[in-house]
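Participant: need coordinates for the following:
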Amino acid sequence: MLFKQDLSNFSDEPHLWRFSTQLSEQGYAHKTTVRYIAVAKRFLAYLSKCNVAVEAAKPADVESYLRKELRRFRRLRQPRPAALGSWHHKRTAPIHLLLRKVQKDWPPIVPPTTPLELFHQELLDGCARWLADCRGLAAQTIIARRSQWKQFLNWLEECGSQERLVDLRVADLDAYLQFRAQSIRRSTRAELALGLRSFVSYLYHRGLLARDLSQTITGPTMYAFEGIPSALSPEQISIVMEFARQDRTPSGLRTFAIVMLLSEYGLRAGEVVRLRLEDIDWRQECLRIRHSKTGAETTLPLMPSALLPRHLEAVPPLHGCATAAAGSSATLSRPYGRRGAGFLDHSEKERHVSIGTRNCRLAALRSFFCFVADREPLAAGQCAEVLRIPIKRGPRRRIDYLESAEVAAILAEPNRQTLEGQRDHALLALLYNTGARIQEALDLCPQAVRLESPAHVRLVGKGRKERLCPIWPETAELLTALLRRQPRASNEAIFVNRYGRPLGASGFRFQLRQYVQAAAKKVPTLAEKRVSPHLLRHSAAVHLVAAGVDITVIRSWMGHAHLDTTNLYAQANLETKRQALNQLDPGTRPRKHPRWKQNDILSWLSSL
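Facilitator: Below is the predicted model of the structure:
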């Protein structure tokens, strides 16, 4: 709520008191609240001068007040505001909020009279029914979006008529979003884009637009945890610090040190996590901070609580990450080889990580201590102890793959009558045909595909290495049909989501899981396998080996840098091994012991 001195001038206005209370309860900033109250006070004074009660105010009264304010602006300042739309919104927003508080239903519903208003009313009612019946949206959501649609149609004016609506362009949508986005928050802009997208989709569904423009409407990216308050009170900070202090484990001390840096120095999170050994000078008791936004460096005094030394003593710099110990030889005088091996054993036995994860962490330790040895030659002996820790050997799992019947069952699941199903079917066929990695296939654009005979695709793999892979005529026909149904520019991704953006790997993995679950009812062996897009790549390589294709050709096909990687697929196909076993000389196979040589028969003959 406003401070008492801010309200002393209008304490006799009960509407303003209730209005200020509403603004305070809804979390408006103090500066915004003062501005809203000032506009509302001038509007109430104008109504009083015109002998109009605020409970009986009409839209015509608001328009008359705005015209009076505009004349006053021109008389006192300049002929016309630089941004008339923004000037208009700064005055209408407080007035509409006040009238909604007083009259409840504002603006009042005016029955349509002109043919254009009747047509707009029909569109609003039809879109509301369409979203309720086909999309299943809640009534409250439809009511909120209906006001957005009405504002859009009012903004179009005569261009929103039934005859001229077919000429709606992307530039018109962009102009409207830019007009509305001048004075609203990012979250409101995201809701506005979502509501406009559903309305434009309905217009295309109704046949009023030549093409579906809904996919061109994009809102701002909404980040996680945006609802967290921008500032914490001292009491809240004390609660967080006390909670972090209770964990006395090494990771708990690290968390406590990070929270202390954030609260004591007011650093950004990125500045804390990027702290390195050389940033802490224990002798001078100072801390060097690299600012993530400006790139400048600032030297700050080290906190007197000596929290960082305690944290670094409990958690020595074995992780190669932020907030490590000082870069002095005294700090590195501990038996790091034994501590490093103990850390790896702890990760494997207590944290239950796999041998592969253990070796990845060892690789990170080696990289870090190579860096320390290069910066601190006096500590090279201690660093060498970590570098001598051997990689642990573990059992290597066999390469899993899909049989031909399993691949066919998955390919048969997508519903090719829908655009999404046609896209997924073409992508699955392409992955199996080319053995491409999932991101290689998702990055494909029309200019990298030759659909005429001989058809092939140009894939860009690891290290930006390009390779050409032939595709079957059937796969080329699937891609042709997809591009005919959903045309794309030569440099745009072929596979896109329903919003027209490039399809992501995680989104396709989700779709693939649905298809595998459905196909497992027909081919039960699929339920026992962990199917991913990369498994199709394994299956393609194994099937090429089974078909007798030369291993060097398969290496080029898969884009492998070393032939040893391709040889793993040659060991995977059990059917190939079985065929090789059947080619052995039958005479060398073990046979059944002749019946007459069995011990029981010989014993019986000897007893005669």
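Participant: got the domain ranges for the chain?
Facilitator: 4-103, 115-216, 234-387, 404-582 (automatic domain parsing).
Participant: in JSON lines: these, plus mean pLDDT and distance to Arg396.
Facilitator: For glycine as for every other residue, the C-beta is placed from the backbone atoms N, C-alpha and C. Converted to JSON lines, those look like this (pLDDT from 0 to 100; distance: least, CB to CB, whole Å):
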{"stretch": "domain 4-103", "mean pLDDT": "79", "distance to Arg396": "58"}
{"stretch": "domain 115-216", "mean pLDDT": "86", "distance to Arg396": "46"}
{"stretch": "domain 234-387", "mean pLDDT": "74", "distance to Arg396": "10"}
{"stretch": "domain 404-582", "mean pLDDT": "89", "distance to Arg396": "9"}
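Participant: need the ones you listed in CSV with mean neighbour count, can you?
Facilitator: CSV is the format used below for those (neighbours: other CB atoms under 10 Å):
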stretch, mean neighbour count
domain 4-103, 15
domain 115-216, 15
domain 234-387, 15
domain 404-582, 16
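Participant: present those domains as CSV; the columns should include distance to Ile109.
Facilitator: Shown next, in CSV, are these (distance: least, CB to CB, whole Å):
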stretch, distance to Ile109
domain 4-103, 11
domain 115-216, 10
domain 234-387, 45
domain 404-582, 34
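Participant: closest to Arg398 out of these?
Facilitator: domain 404-582 (6.2 Å; CB to CB).
Participant: endpoints of the closest one, how far apart?
Facilitator: 22 Å (CA to CA, to the nearest Å).
Participant: before we move on, what about stretch 151-160?
Facilitator: End residues of stretch 151-160 are separated by 11 Å (CA to CA).
Participant: can you give me the helices in the stretch 501-608 of the chain?
Facilitator: Applying DSSP state H, counting those that start in this stretch to the stretch 501-608 of the chain gives helices spanning 505-519, 533-546, 551-558, 563-570, 574-582, 599-606.
Participant: what packs against the helix or strand in which Phe368 is found?
Facilitator: Phe368 belongs to helix 355-375 when assigned by DSSP states H and E. Packing partners of helix 355-375 (3 or more CB pairs under 8 Å, 6 or more residues apart in numbering; DSSP states H and E): helix 336-349, helix 380-387.
Participant: how about TSV for those helices, with distance to Lys101 added?
Facilitator: Formatted as TSV, the helices and strands packed on helix 355-375 follow (distance: least, CB to CB, whole Å):
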stretch	distance to Lys101
helix 336-349	60
helix 380-387	68
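Participant: nearest to Ile143, of those?
Facilitator: helix 336-349 (54.4 Å).
Participant: how about the strands in the stretch 201-350 of the chain?
Facilitator: Using DSSP state E, counting those that start in this stretch, the strands found in the stretch 201-350 of the chain span residues 280-281, 286-290, 297-301.
Participant: adding distance to Arg245, write those out as a markdown table.
Facilitator: Shown next, in a markdown table, are the strands of the stretch 201-350 of the chain (distance: least, CB to CB, whole Å):
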| stretch | distance to Arg245 |
| --- | --- |
| strand 280-281 | 21 |
| strand 286-290 | 21 |
| strand 297-301 | 22 |
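Participant: compare those and give me the one nearest Gly421.
Facilitator: Using CB to CB, the strands of the stretch 201-350 of the chain put strand 286-290 closest to Gly421, at 50.2 Å.
Participant: now do that closest one against strand 297-301, angle only.
Facilitator: Taking axes from the mean of the first three to the mean of the last three CA atoms, to 10 degrees, strand 286-290 and strand 297-301 form an angle of 150 degrees between their directions.
Participant: so what are the sheet partners of strand 286-290 and their directions?
Facilitator: Strand 286-290 has its sheet partners listed here by DSSP bridges as strand 280-281 (antiparallel), strand 297-301 (antiparallel).
Participant: what would those look like in JSON lines with distance to Leu478?
Facilitator: Shown next, in JSON lines, are the strands paired with strand 286-290 (distance: least, CB to CB, whole Å):
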{"stretch": "strand 280-281", "distance to Leu478": "59"}
{"stretch": "strand 297-301", "distance to Leu478": "56"}
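Participant: out of these, which is closest to Glu271?
Facilitator: When these are compared by CB to CB, strand 297-301 sits nearest Glu271, at 9.4 Å.
Participant: state the distance from the nearest residue to Ser532 once chain neighbours are set aside to Ser20.
Facilitator: Once flanking residues are discounted, Ser532 sits nearest to Arg509: 6.4 Å by CB to CB, 6 or more residues apart in numbering. Separation of Arg509 from Ser20 (CB to CB, to the nearest Å): 52 Å.
Participant: to which secondary structure element is Cys469 assigned?
Facilitator: Taking DSSP H and E as the criterion, Cys469 maps to strand 466-470.
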